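Colleague: I'll drop the sequence and a predicted model, then ask my questions.
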Amino acid sequence: MTNTNRPHEDNVIYANFGAKRRVSSAEETVGPLVPPSPRELRERIRETAQRIRNGVGEGPVQSVSHPSVSYSPASGRLREAVAQRTDQGRAKRGREYAAEGRVTGFNVRVNTVEAEVHGSQPEPFFAGFILARRSEEDLVDAMQQLGGGGGAVARAKRGAFPDQVVDTLLFADGDDARFFCDCPDPAPLCKHIVAVTEVAAKRFDADPTLLFALRGLSVEDVEASIREGAEGTARANAAEGSEFFWTGHELPDLPTPKIAPMVDDSDTDLLRRALESVSFTNIDLLNAVADIENLYDALVEEDH
């Protein structure tokens, strides 16, 4: 046996396995820091997000109270219509697709919501839904119903739409909408449609006025329509002898801004390009984007 002289102190021998040189102290056995692999990086992101959800951190966490989570009338009705027309398996998988960031190219046009959904196939599927057409008279009537009372636009921005207005701008029943997807699934509502509608529902929660865009209206159009109707009412109320001549009307409520995900307003293409350098496949890239979105959602969830 060859007698190899290794540095030692008492009965401790220092060795740097795999090194090209001998070492003489414990400090020299520590090599340079190696950056984590993409898989390790994603695992760390998931673990951090889970710690935040569980209220576990590096030190004491100050609890922050937020208002309870609630769906806007439009998103609640859309989710209900989807749940009634598909099975639990497709609904669960579709919601997972939406949460994983597999819905891209989300677009709202007049009477139509559409997007691409990246599933297990190489090419994405095109899915969405088309609403029944509304006449100009229908929309005018809806704006008049919305304009009843003070602060109508402020209420609309909070998502506080009367049921009759949601009936007109979205639908009274899911049968008034046509759901579509070019995948081979023969079911009336596949998981790709569920994914697109879930993203649409989240957008309605974040920005309830998106419901106006579905009907070719803008907030400015709605404000102008309500203002015109209010001016006529104001003239009648200001006339001598009116019951409101001296008392006036109730003042509108103060606005309560809603938390909206910043990720929805960011350029995801830039994020994808930044993550390409640490992603081996498109699936890795989608998972990385979804992990970062989950981490952000965990930071801004209203129940923390």
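Modeller: Great, that's in hand.

Colleague: pLDDT below threshold where in the stretch 151-300 of the chain?
Modeller: Under the criterion pLDDT under 70, the flagged ranges of the stretch 151-300 of the chain are 228-252, 257-264.

Colleague: what segments of the stretch 151-300 of the chain are helices?
Modeller: Remark: helices assigned in the stretch 151-300 of the chain by DSSP state H, counting those that start in this stretch are 152-157, 163-169, 191-206, 210-213, 219-238, 268-275, 282-300.

Colleague: near Arg85, how many other residues are there?
Modeller: 18 (other Cβ atoms under 10 Å). Every residue, glycine included, has its C-beta placed from N, CA and C.

Colleague: ok, back up a step: most tightly surrounded among the helices of the stretch 151-300 of the chain?
Modeller: helix 191-206 (a mean of 24; mean count of other Cβ atoms under 10 Å).

Colleague: which elements pack onto that one?
Modeller: helix 73-83, helix 88-99, strand 103-109, strand 112-117, strand 125-131, strand 177-181, helix 210-213 (3 or more Cβ pairs under 8 Å, 6 or more residues apart in numbering; DSSP states H and E).

Colleague: could you dump these to CSV with distance to Ile292?
Modeller: Formatted as CSV, those follow (distance: least, Cβ to Cβ, whole Å):
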stretch, distance to Ile292
helix 73-83, 24
helix 88-99, 12
strand 103-109, 15
strand 112-117, 19
strand 125-131, 24
strand 177-181, 27
helix 210-213, 24
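
Colleague: over to stretch 167-180 now: how far is its first residue from its last?
Modeller: 21 Å (Cα to Cα, to the nearest Å).

Colleague: show me which positions of it end up buried.
Modeller: Within stretch 167-180, the residues that count as buried by 16 or more other Cβ atoms under 10 Å are 167-171, 174, 177, 179-180.

Colleague: ok, now stretch 127-139?
Modeller: Buried, per 16+ other Cβ under 10 Å, within stretch 127-139: 127-129, 131, 134, 139.

Colleague: got the residues you listed as JSON lines, with distance to Arg77 columns?
Modeller: Below are the buried residues of stretch 127-139 laid out as JSON lines (distance: Cβ to Cβ, whole Å):
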{"residue": "Ala127", "distance to Arg77": "19"}
{"residue": "Gly128", "distance to Arg77": "17"}
{"residue": "Phe129", "distance to Arg77": "12"}
{"residue": "Leu131", "distance to Arg77": "12"}
{"residue": "Arg134", "distance to Arg77": "16"}
{"residue": "Leu139", "distance to Arg77": "18"}
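
Colleague: any idea how far Lys157 lies from Val300?
Modeller: Separation of Lys157 from Val300 (Cβ to Cβ, to the nearest Å): 19 Å.

Colleague: do Pro255 as well
Modeller: For Pro255, the distance to Val300 - Cβ to Cβ - is 19 Å.

Colleague: what does Gly128 give?
Modeller: For Gly128, the distance to Val300 - Cβ to Cβ - is 27 Å.

Colleague: Asp163 now?
Modeller: Per Cβ to Cβ, Asp163 is found 29 Å from Val300.

Colleague: again with Ala200
Modeller: From Ala200 over to Val300 (counting by Cβ to Cβ), the distance is 20 Å.

Colleague: same question for Asn111.
Modeller: 32 Å.

Colleague: what's the answer for Glu80, then?
Modeller: 25 Å.

Colleague: I'd like the buried residues of stretch 167-180 as a markdown table, with distance to Leu270 appended.
Modeller: Shown next, in a markdown table, are these (distance: Cβ to Cβ, whole Å):
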| residue | distance to Leu270 |
| --- | --- |
| Asp167 | 39 |
| Thr168 | 38 |
| Leu169 | 33 |
| Leu170 | 32 |
| Phe171 | 36 |
| Gly174 | 36 |
| Ala177 | 33 |
| Phe179 | 31 |
| Phe180 | 30 |
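
Colleague: ok, the residues you listed vs Arg95, which is closest?
Modeller: Phe179 (15.6 Å; Cβ to Cβ).

Colleague: quick one: low-confidence parts of the stretch 1-150 of the chain?
Modeller: Ranges of the stretch 1-150 of the chain meeting pLDDT under 70: 1-70, 147-150.

Colleague: repeat that with 50
Modeller: 1, 16, 18-20, 23, 26-27, 29-33, 55-69 (pLDDT under 50).
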